[in-house]
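S.K.: here is my input; please provide its structure:
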Amino acid sequence: MKNKLTILAVDDEKINLNILIELLGDDYEVSVALNGKKALKLVEKKEIDLILLDIMMPDMDGYEVCQILKSQSKTKDIPILFITAKTDDESIVKGFEIGGIDYISKPFRPIELQARVKTHLKLGQTLKSLDYMATRDYMTGIYNRRRFFDLGRESFDADKNLFAVMIDIDKFKNVNDTYGHPFGDVVIKSVTKTISELLDEKAIFGRLGGEEFCILYEDESLDAVSIKVEEIRKAIEDLEERYEDTIVKFTISNGISKKHDREDSLDELLKRADEGLYEAKGTGRNRVCFRA
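M.R.: Alright, predicted model coming up:
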């Protein structure tokens, strides 16, 4: 976890960047870029919390950089503050219209700059917190049902080799009945934590309800997906949780399906994965079944 919030300062004048580092470097991690192309490469590699963006730069001006950032899902929510000598009404209005959240004129006043940066970072963190609470399952921290389907529809439209994996904890009712619901929550958290650690960041992992979960991700082949899901199944099988003096073990069943060119909805993809899940549960549990 980061100790400091990260600001990216983008300006073609080194002296301006040095001033920003001096003013902000004690409170924030300040990364710098001398042009728009370097800035775009940097945001691909680092988690940026706020961008201070000059407008008048060679090759690619600040407006173009802003438009590119706002067009990409990974960077569209990063707050952008324009810092520029352009103070005419048309330039200011354009900056807001393309997605900037504030406009600071050069030469800027240090106290004003620091105050605006602090305010927008605080607002950004508040919005992130609210978004997290609205899109995450309260118990596990993975995507909730609504967010899973929102992201799933986007992925279904964009990804050609998309696979769905439906997951259910075997005999979970027995766990709740035998050890109580608080311990059942422990099992759910243990399962989701283990699965999350085995998935890459491109995977969409959500809790659909109760002890049922789903993963959506793109991969080259069914064999590759099957290997990953088998790795997950084995990792859960190896888990142990302690209830008083008893060691409790548990397993999961899994159903896999692959997107077809003829398929016209995410629901159809999930339906077939669900059929694979029920086949796995009906043929002994703790296994993986595929439905074409």
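
S.K.: could you find the closest non-adjacent residue to Phe156?
M.R.: The spatially closest residue to Phe156, leaving aside those adjacent along the chain, is Leu266, at 4.4 Å (Cβ to Cβ, 6 or more residues apart in numbering). C-beta here means a position set from N, CA and C on the backbone, and glycine is covered the same way.

S.K.: quick check: pLDDT value at that neighbour.
M.R.: Among the per-residue scores, Leu266 shows a pLDDT of 93.

S.K.: tell me the SS of the residue nearest the centre of the chain?
M.R.: The C-alpha lying nearest the average C-alpha coordinate of the chain belongs to Glu201 (Cα atoms, centre = their mean; 7.2 Å). State at Glu201, reduced to three classes by DSSP: H, G, I helix; E, B strand; the rest coil: coil.

S.K.: am I right that Ile78 sits in a strand?
M.R.: No: assignment of Ile78 by three-state DSSP gives coil, placing it outside any strand.

S.K.: quick thing: my sequence starts at 849, can you match it?
M.R.: Happy to do that; since the first residue is 849 now, the last one works out to Ile926.

S.K.: for it, what are its contacts?
M.R.: 891, 896-899, 917 (Cβ atoms under 8 Å, 6 or more residues apart in numbering).

S.K.: which residues touch Cys1137?
M.R.: Counting by Cβ under 8 Å, 6+ apart, Cys1137 touches 1102-1104, 1124-1125, 1127-1128, 1131.

S.K.: repeat the analysis, applying 7 Å as the threshold.
M.R.: Contacts were defined as Cβ atoms under 7 Å, 6 or more residues apart in numbering; by that measure Cys1137 touches 1103, 1124, 1127-1128.

S.K.: circling back to that earlier point, of all pairs in the contacts of Ile926, which one is the farthest apart?
M.R.: The most widely separated members of the contacts of Ile926, counting by Cβ to Cβ, are Asp897 and Leu917 (13.3 Å).

S.K.: neighbour count winner among these two?
M.R.: Between Asp897 and Leu917, counted using other Cβ atoms under 10 Å, the more crowded position is Leu917 (23 against 20).

S.K.: all strands in the stretch 999-1140 of the chain, in order from the N-terminus.
M.R.: In the stretch 999-1140 of the chain, the strands defined using DSSP state E, counting those that start in this stretch lie at 1010-1017, 1052-1057, 1060-1066, 1089-1091, 1094-1096, 1100-1106, 1136-1138.

S.K.: how about these in CSV, adding mean pLDDT and distance to Val913?
M.R.: As requested, these are arranged in CSV below (pLDDT from 0 to 100; distance: least, Cβ to Cβ, whole Å):
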stretch, mean pLDDT, distance to Val913
strand 1010-1017, 97, 31
strand 1052-1057, 96, 29
strand 1060-1066, 96, 29
strand 1089-1091, 95, 49
strand 1094-1096, 96, 54
strand 1100-1106, 97, 38
strand 1136-1138, 96, 45
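
S.K.: nearest to Ile928, out of these?
M.R.: The stretch from the strands of the stretch 999-1140 of the chain with the least distance to Ile928 (Cβ to Cβ) is strand 1052-1057; that distance is 27.0 Å.

S.K.: of the contacts of Cys1137 - the most surrounded one?
M.R.: Neighbour counts for the contacts of Cys1137 (other Cβ under 10 Å) peak at Gly1103, which has 27 neighbours.
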